[in-house]
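Visitor: let me see the structure of the following:
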Amino acid sequence: MDTYTSNPLRQCSLDELRRRTSAKWRVHPADVLPLWIAEMDVHLAGPVAEALHAAVAEGDTGYAMADSYTEALDAFAQRHWGWRVRPERAAIVPDVMGGVVEVLKLITSPGDAVVVNSPVYPPFYAFVSHMDRRVVEAPLTPEGRIDPDALARAFREGADGGGAAAYLLCNPHNPTGTVHTAGELTAATELAREHGVRVVADEIHAPLVLPGARHVPYLSLPGTERAFSLLSASKAWNLAGLKAAMAVAGAESAAELARMPEEVSHGPSHLGVIGHVAALRHGDDWLRALLSALDENRRLLSALLEEHLPQVGYRSHEGTFLAWLDCRALGLGDDPAAAFLERGRVALIPGPAFGTGGAGYVRLNIGTSPEILEEAVRRMAAAL
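Guide: Reported below is the predicted structural model:
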């Protein structure tokens, strides 16, 4: 097996990683192990690196076009999920959260409600609030699943003001790693239709579903014709610095998507599109190796916690490279991440940032080498 398809998480030494200048490796001092932000410790997949090198060598650094991205995403979705991305229902956007904002502008107005399943990705709160919409929480169950009763209550509250309401769905879910089933998504769709709520699905982690689970594209389900989805190769192939994503509309929402301002399409990077297209077209082997490595790391994390931190609760996540750890039994208060950083020199994301249900939790990124993961858990234990 060549270097591009062997375990991608075993190819970067700690010394090499510390030479990186991205936020993951520069926000904290050099003695801190950074397992916080959603960036993996990998080299670029070979086809991606080759496509970017070729573009730079040819001076192909102009403005982005959407056609190749739509075609590559459509082909990837067909291969992996049996779902089509129709070009007449797709639009290129700078990144997933930027696309979420633009779609929400199309279907809601200032003061309208946006329902989220807490605990959830912190920018959901920030971006929605900054566009003068109000966040309404529908907490997940203790097992990390969508709670239909909580969702129905949130939909009723969202519609109370008489305006429009939207449901910002995280599928797969960040931070819990829950991969929503077809049944769960169908139940949520029926509730949304009953209450007149429009659904916007953030599916940025869709390719990162681990063995034992299956991703269901939200727009592949009946009843989602008025919904939207946002997708990108950025998480699965570690391309956060190469900005590009796709907004996809359900069959009855294409006209609304077509009203998205033309200048939004100026935001994606041309090199970003080139990298994402290469990943989607030619990155299956690398992705398969990554998923196997992440599966190994989630099993390793379970064993390490059992040995060093048995009081920490961890439900093996089904998707993403993010682990949601219940540290409430450790007596570290609402923000255990502060103690792990100060006393253990391990950087994690504080649970309270994820909203209701986050107090006493931390989010840990397992997209790193087994050696770094082992050292991080040992440091966390030593911090106690």
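Visitor: show me where the stretch 1-150 of the chain has its strands.
Guide: Along the stretch 1-150 of the chain, the segments classed as strands by DSSP state E, counting those that start in this stretch run 33-34, 90-93, 113-116, 134-137.
Visitor: of those strands, which stretch is the most buried?
Guide: strand 113-116 (a mean of 26; mean count of other Cβ atoms under 10 Å). Bear in mind the C-beta positions are built from the backbone N, C-alpha and C, glycine included.
Visitor: of the strands of the stretch 1-150 of the chain, which is nearest Gly196?
Guide: Nearest to Gly196 among the strands of the stretch 1-150 of the chain is strand 113-116; the distance by Cβ to Cβ comes to 11.5 Å.
Visitor: got the CA positions of the closest one in CSV?
Guide: Taking C-alpha atoms only, strand 113-116 is exported to CSV below (Å, rounded to 0.1, in the frame of the first residue of the first chain):
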residue,chain,number,x,y,z
ALA,A,113,-36.6,31.5,14.8
VAL,A,114,-34.0,29.0,13.9
VAL,A,115,-34.3,25.6,15.8
VAL,A,116,-31.1,23.7,16.6
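Visitor: ok, it: who's next to it in the sheet?
Guide: strand 134-137 (parallel), strand 165-170 (parallel) (DSSP bridges).
Visitor: of those, which approaches Gly250 most closely?
Guide: Using Cβ to Cβ, these put strand 165-170 closest to Gly250, at 13.0 Å.
Visitor: going on from the closest one, what's the next piece of helix or strand?
Guide: Note on strand 165-170: by DSSP states H and E, the next helix or strand toward the C-terminus is helix 182-195.
Visitor: buried ones in that following helix, by neighbour count?
Guide: Neighbour-count burial for helix 182-195 flags Glu184, Leu185, Thr186, Ala187, Ala188, Thr189, Leu191, Ala192, Arg193, His195 (criterion: 16 or more other Cβ atoms under 10 Å).
Visitor: who is Ala245 paired with across the strands?
Guide: Val93.
Visitor: touching, Ala77 and Pro217? I think so.
Guide: Yes. Assessed by Cβ atoms under 8 Å, Ala77 is found in contact with Pro217 at 6.6 Å.
Visitor: so who does Glu296 touch?
Guide: Asn7, Pro370 (Cβ atoms under 8 Å, 6 or more residues apart in numbering).
Visitor: switch to 10 Å and redo it
Guide: With contact taken as Cβ atoms under 10 Å, 6 or more residues apart in numbering, Glu296 is in contact with Asn7, Leu9, Arg10, Ile366, Pro370.
Visitor: now those in TSV, with distance to Gly241, neighbour count and pLDDT?
Guide: Below are those laid out as TSV (distance: Cβ to Cβ, whole Å; neighbours: other Cβ atoms under 10 Å; pLDDT from 0 to 100):
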residue	distance to Gly241	neighbour count	pLDDT
Asn7	23	17	95
Leu9	19	25	98
Arg10	22	15	97
Ile366	21	24	98
Pro370	25	17	98
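Visitor: closest one of those residues to Tyr167?
Guide: Nearest to Tyr167 among those, with distances taken as Cβ to Cβ, is Ile366, at 28.6 Å.
Visitor: so what's the closest one up against?
Guide: The contact partners of Ile366, by Cβ under 10 Å, 6+ apart, come to 9, 35, 40, 177, 293-294, 296-298, 300-301, 317, 320-323, 372-373, 376.
Visitor: which of these are buried?
Guide: 9, 35, 40, 177, 293-294, 297-298, 301, 317, 320-323, 372-373, 376.
Visitor: what about the residue lying farthest from the centre of the chain, distance to Ala154?
Guide: Relative to the mean C-alpha coordinate of the chain, counting by Cα atoms, centre = their mean, the farthest residue is Glu58 (32.6 Å). In this view, Glu58 and Ala154 are 51 Å apart by Cβ to Cβ, to the nearest Å.
Visitor: cool, and Trp324?
Guide: Distance of Trp324 to Ala154, given as Cβ to Cβ: 21 Å.
Visitor: what does Ala338 give?
Guide: 30 Å.
Visitor: okay, the two: which has more neighbours?
Guide: Ranked by neighbour count (other Cβ atoms under 10 Å), Ala338 and Ala154 place Ala154 first, with 27 against 14.
Visitor: check which helix or strand the more buried one maps to.
Guide: Using DSSP H and E, Ala154 sits in helix 148-159.
Visitor: rewinding a little: for Glu16, find the nearest of the strands paired with strand 113-116.
Guide: strand 165-170 (32.1 Å).
Visitor: tell me the angle the closest one makes with helix 182-195.
Guide: 170 degrees (axes from the mean of the first three to the mean of the last three Cα atoms, to 10 degrees).
Visitor: CA atoms only: put strand 165-170 into PDB for me.
Guide: Extracted in PDB, the C-alpha atoms of strand 165-170 (Å, rounded to 0.1, in the frame of the first residue of the first chain):
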ATOM      1  CA  ALA A 165     -39.100  29.300  11.300                       C
ATOM      2  CA  ALA A 166     -36.200  27.200  10.100                       C
ATOM      3  CA  TYR A 167     -34.600  24.000  11.500                       C
ATOM      4  CA  LEU A 168     -30.800  24.000  11.200                       C
ATOM      5  CA  LEU A 169     -30.100  20.300  11.200                       C
ATOM      6  CA  CYS A 170     -26.500  18.900  11.900                       C
END
